[in-house]
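*Asks:* Sequence and predicted model, in that order:
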Amino acid sequence: MKHSILIAALLCLLMGALAKAETYQLVTEEWAPYNYRENEHITGMATEVVRAIMALTGDDFEIRMRPSMRASRVLQTQPRTIMYSMFRTSERESLFKWVGPIAEESIYPYQLAAAAQPIHTLEQLLHTPRITTRHAGLVPTMLASMGFDNLDTSATESEQLYRMLLAGRTEVIIGDTDAGVAYYSRQLGIAPGTLRRVPIELYRSSLYIAFSRDSDDALVAAWAAALAKLRSTGELTRIQRRYERRDDQ
């Protein structure tokens with residue numbers, strides 16, 4: 001009995017050492033306030049969580065920012081790849097190994113508070129002349145599946161959504177969580193009270209770290225254990241609170 005326990009312990013140590021010896025590519029996309037570039041430095045709430053995890057596991061993988069669709073493609077096609085932060089959906093469930101959740105978030109539409117026709121119902125939203133969202137990703141795909149045929153998907157960056165709304169080139173924008181809207185409002189100098197959150201929750205899910213299917217189970221388990229420690233010590237909550245949405249938006 002003691003012999004078998006010793007062998008099992010040695011095997012676990014060996015698996016952990018092998019996982020640590022492998023190099024993984026760690027990718028993310030520009031999606032504030034969770035992962036974004038500021039002064040040539042990749043930062044954000046999820047980035048801080050990932051770095052805190054690696055501090056506990058002893059990993060030191062370089063974080064590289066990629067356009068959204070390219071990052072997803074790298075995760076699906078290249079070995080030993082980690083991507084954050086991703087909504088864990090039923091369609092994605094079997095494609096990756098998961099560590100999380102990092103946070104639970106919702107996506108709402110936004111319009112100008114001074115709009116002549118405030119939107120209150122899904123039916124009104126479906127018949128809005130123009131809704132602008134980013135050109136690709138989960139949000140436009142979700143909206144199309146819900147029957148929205150009034151989508152403008154010309155925006156390639158989040159900032160474009162807000163500039164178009166402020167310029168009167170669209171009636172509604174959809175693409176960011178409340179925390180994201182607060183972030184871009186600060187970045188673009190949008191005064192409090194300028195934007196109105198339409199009271200229709202279009203999507204709610206949790207943000208996770210995704211691992212390619214070939215990733216070593218020992219590494220995934222080590223990251224999950226590190227995240228659990230961040231949660232139990234309160235560090236995860238402290239990181240989240242630094243990026244919470246402002247009450248005045």
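*Replies:* Cool, the structure landed. Small disclaimer: the values here were computed from a predicted structure and weren't measured. Residues are numbered from 1 along each chain as shown.
*Asks:* quick one: low-confidence ranges for the chain?
*Replies:* For the chain, the stretches with pLDDT under 70 are 1-21, 245-249.
*Asks:* now the residue sitting nearest the centre point of the chain: how far from residue 57?
*Replies:* The centroid of the chain falls nearest to residue 85 when counting by C-alpha atoms, centre = their mean (3.7 Å). According to C-beta to C-beta, to the nearest Å, residue 85 stands 18 Å off from residue 57. Where you see a C-beta, it was placed from the backbone N, CA and C, and this is true even at glycine.
*Asks:* got the contact list for the residue nearest to the centre of the chain?
*Replies:* Residues near residue 85 by C-beta atoms under 8 Å, 6 or more residues apart in numbering: 28, 31, 34, 35, 46, 102, 103, 207, 208, 209.
*Asks:* in which helix or strand would I find the fifth one?
*Replies:* To tie it back to what came earlier, the one meant is residue 46. Assessed by DSSP states H and E, residue 46 sits inside helix 45-57.
*Asks:* So what sits opposite residue 152 in the bridge?
*Replies:* residue 132 (DSSP bridges).
*Asks:* packing partners for the helix or strand just after the helix holding residue 46?
*Replies:* Once helix 45-57 ends, the next helix or strand along the chain (criterion: DSSP H and E) is strand 63-65. In terms of contacts (3 or more C-beta pairs under 8 Å, 6 or more residues apart in numbering; DSSP states H and E), strand 63-65 is packed against strand 25-28.
*Asks:* List the contacts of the strand it packs on.
*Replies:* 35, 42, 46-47, 50, 61-66, 71, 74-75, 78, 80-85.
*Asks:* Check which residues of that strand are buried.
*Replies:* 25, 26, 27, 28 (16 or more other C-beta atoms under 10 Å).
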